[in-house]
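[1] sequence-free structure coming up:
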């Protein structure tokens, strides 16, 4: 299987890996023309990895501070908990805890045991987890003590969550997958504080495409120098993991945690969620804080939840949101007495109106998804899309990262990290290229060489946002639509520049067994509606299946 890597237009794979089945229409991520300049595509067989296991991290390194704490958890304990934990949603897990079928400590140890059993240096290894928290077992014990007070708690209380390793979290290095940041021990990012305030347990860090896939340019998605090559549990070395939140997607799919947090610039949540048959939400930009997260673009970046089920996604979003005065785009949202998860099970698609691109009506899984939505009482309008493009998308990312990464390095890294610019990191990598950059660092070099100024950057932003919003708003206004339907990350670029939220839900599997996702896109701050539509579709379709080798 081959997939195409295009560094232009809008769904640039350096912030996320393209859908490997994209086509070459003018409005798709496979567009090969920008500003009337032809650019040849690079094709990579992603099964022919230069590097599989990390040259900078071993299984022993990950478990050195935790293994002794796991000595009292046996294979018998693991087998007893399997039917209670595998493929269960958060409400079910909480019900089991209230029924004393397990403790939060046992739940944490179950996931740690499972990660240790499957994730690295064996025939089923996924290389999806890059670090485990040395304190999470003690923190789980504390949650069990707090549980006894019977005070009303957030549903995320006691639930073990993995973080993409570009999100700062105390007790573990935040590396963005790069050797340059291997000693970057920091304080918690704003969203980690939000999660902990509601009682969530930070289980560890998930691998990612290095520097959120805006680094090498010629490497497979899911590769980082620290974490090695993340593999897809539905087909190791067969199916792409998607990127850049590859470890988050693969680990959730394989039941290595209750849920994970990913981040997206253009498709980095939608792509790996689709490829790993999980639910991924890319929120409205500003709804979720970006402070303390290694950036690509302060214009487009956002974190978001990745879960097995829609209800879990809503619960996790409830815990993540909150105004952050240090984030220039942070939005204060008042849901009144509600929440993203409240009453979600009572919602319906009846009377909702969606657009479906004509070019996708040859995809059998998409056709089936459309029919399922219609059967729930919604109307679906098949449309011809506008011939719009997104000029200078690459330049936007270059110029944003050129200023945003130094800000992170200055204000959010450990004091021992002396790098302050992209050029500093380029020079560091050149000292030992086989260990730090076996696929090169072409995109970082492109950032360094881009001489665009602040005025040029603002013009790019304005043009892209106008085009992105026009792309959705014209059909939505003319047909009075509630939302837009897509496949995987096919429209992630337009959603990114429009700053519109999007969610992907498992839609089924190809004849070869590769997962695909149905993606729903709507207007800003419409996350509650997106989650409700996604829940209604999920319950009607029931398409997610666990990867068989990890049961």
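    Okay, I see it. The structure displayed is predicted, hence computed values, not measured ones.
[2] so for stretch 411-430, mean pLDDT?
    Stretch 411-430 comes out with an average pLDDT of 97.
[3] what comes up buried for it?
    Neighbour counts using 16 or more other Cβ atoms under 10 Å place 412, 413, 417, 419, 422, 424, 425, 426, 428, 429 of stretch 411-430 among the buried residues. Heads up, the C-betas are built off the backbone N, CA and C, glycines and all.
[4] mind listing the strands for the stretch 1-150 of the chain?
    With DSSP state E, counting those that start in this stretch, the ranges of strands along the stretch 1-150 of the chain come out as 3-5, 33-34, 37-38, 42-44, 129-132.
[5] and the ones you listed, which one is worst for confidence?
    Across the strands of the stretch 1-150 of the chain, strand 37-38 gives the lowest mean pLDDT, at a mean of 25.
[6] next SSE downstream of whichever strand or helix holds residue 496?
    Using DSSP states H and E, residue 496 falls within helix 492-498. Moving toward the C-terminus from helix 492-498, the next helix or strand (DSSP H and E) is strand 502-509.
[7] from the contact counts, what lies against that following strand?
    Applying 3 or more Cβ pairs under 8 Å, 6 or more residues apart in numbering; DSSP states H and E, one finds that strand 502-509 makes contact with helix 270-275, strand 279-282, helix 310-320, helix 364-375, strand 515-521, helix 527-541.
[8] got TSV for these, with distance to residue 200 too?
    Putting these into TSV (distance: least, Cβ to Cβ, whole Å) gives the following:
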stretch	distance to residue 200
helix 270-275	20
strand 279-282	16
helix 310-320	6
helix 364-375	31
strand 515-521	25
helix 527-541	18
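[9] show me which of the buried residues of stretch 411-430 is closest to residue 492.
    Distance to residue 492 across the buried residues of stretch 411-430 (Cβ to Cβ) is lowest for residue 422, with 24.1 Å.
[10] isn't that closest one right up against residue 443?
    No. Under the criterion of Cβ atoms under 8 Å, residue 422 is not in contact with residue 443, lying 9.8 Å apart.
[11] low-confidence stretches in the stretch 301-450 of the chain?
    By pLDDT under 70, the weakly predicted segments of the stretch 301-450 of the chain are 336-338.
[12] the stretch 151-300 of the chain: strands as residue ranges?
    With DSSP E, counting those that start in this stretch applied, the stretch 151-300 of the chain shows strands at 160-164, 201-206, 223-224, 228-229, 259-264, 279-282, listed in chain order.
[13] let's have those strands in a markdown table, adding mean neighbour count.
    Converted to a markdown table, the strands of the stretch 151-300 of the chain look like this (neighbours: other Cβ atoms under 10 Å):
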| stretch | mean neighbour count |
| --- | --- |
| strand 160-164 | 30 |
| strand 201-206 | 29 |
| strand 223-224 | 32 |
| strand 228-229 | 24 |
| strand 259-264 | 31 |
| strand 279-282 | 33 |
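[14] make CSV from these and add mean pLDDT to it.
    Output for these, formatted as CSV (pLDDT from 0 to 100):
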stretch, mean pLDDT
strand 160-164, 98
strand 201-206, 98
strand 223-224, 98
strand 228-229, 97
strand 259-264, 98
strand 279-282, 98
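[15] reformat these into CSV and put distance to residue 63 next to each item.
    Output for the strands of the stretch 151-300 of the chain, formatted as CSV (distance: least, Cβ to Cβ, whole Å):
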stretch, distance to residue 63
strand 160-164, 15
strand 201-206, 11
strand 223-224, 19
strand 228-229, 16
strand 259-264, 19
strand 279-282, 28
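[16] mind checking which of the ones you listed is nearest residue 48?
    Across the strands of the stretch 151-300 of the chain, closest to residue 48 is strand 228-229 (Cβ to Cβ), at 11.1 Å.
[17] partner strands of the closest one, parallel or antiparallel?
    For strand 228-229, the paired strands and their directions (DSSP bridges) are strand 223-224 (antiparallel).
[18] so how far is the strand it pairs with off the chain centroid?
    15 Å (Cα atoms, centre = their mean, to the nearest Å).
[19] stretch 530-541 too?
    19 Å.
[20] likewise stretch 409-416?
    Relative to its parent chain, stretch 409-416 has a centroid offset of 24 Å by Cα atoms, centre = their mean.
[21] span of it from start to end?
    Taking Cα to Cα, to the nearest Å, the first and last residues of stretch 409-416 lie 11 Å apart.
[22] which outside residues touch it?
    For stretch 409-416, the surrounding residues in contact (Cβ atoms under 8 Å, 6 or more residues apart in numbering) are 168, 174, 181, 183-186, 189, 291-292, 417, 419-421.
[23] which one of the buried residues of stretch 411-430 sits closest to residue 402?
    Closest approach to residue 402 among those (Cβ to Cβ): residue 422, at 6.3 Å.
[24] contact partners for the closest one?
    Counting by Cβ under 8 Å, 6+ apart, residue 422 has contacts 401, 402, 405, 406, 444, 447, 448.
[25] now it: closest residue in space, sequence neighbours ignored.
    Counting by Cβ to Cβ, 6 or more residues apart in numbering, residue 422 lies nearest to residue 447, which is 5.0 Å off, once chain neighbours are set aside.
[26] can you say which of the helices and strands packed on strand 502-509 is packed in most?
    Most buried of the helices and strands packed on strand 502-509 by mean neighbour count (mean count of other Cβ atoms under 10 Å) is helix 270-275; its value is a mean of 36.
[27] tell me where the stretch 351-500 of the chain has strands.
    For the stretch 351-500 of the chain, the strands defined by DSSP E, counting those that start in this stretch cover 353-357, 379-383, 483-487.
[28] got the phi/psi numbers for the residue sitting furthest away from the middle of the chain?
    Distance from the C-alpha centroid of the chain peaks at residue 149, with 34.7 Å (Cα atoms, centre = their mean). Backbone torsions of residue 149, given as degrees, to the nearest 10, read phi -80, psi -10.
[29] could you check the pLDDT of it?
    Confidence score, pLDDT, at residue 149: 92.
[30] same deal with residue 551?
    pLDDT, residue 551: 85.
[31] next up, the contacts around the nearest residue to it once chain neighbours are set aside.
    Of all residues not flanking residue 551 in the chain, residue 86 sits nearest, at 6.8 Å (Cβ to Cβ, 6+ apart). Contacts for residue 86 were tallied using Cβ under 8 Å, 6+ apart; they are 255, 546, 551.
[32] now the buried members of the residues you listed.
    Buried by 16+ other Cβ under 10 Å: 255, 546, out of the contacts of residue 86.
[33] how about CSV for the contacts of residue 86, with distance to residue 153 added?
    What follows is these, written out as CSV (distance: Cβ to Cβ, whole Å):
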residue, distance to residue 153
255, 23
546, 28
551, 30
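[34] so which of the contacts of residue 86 is the closest to residue 194?
    residue 255 (24.4 Å).
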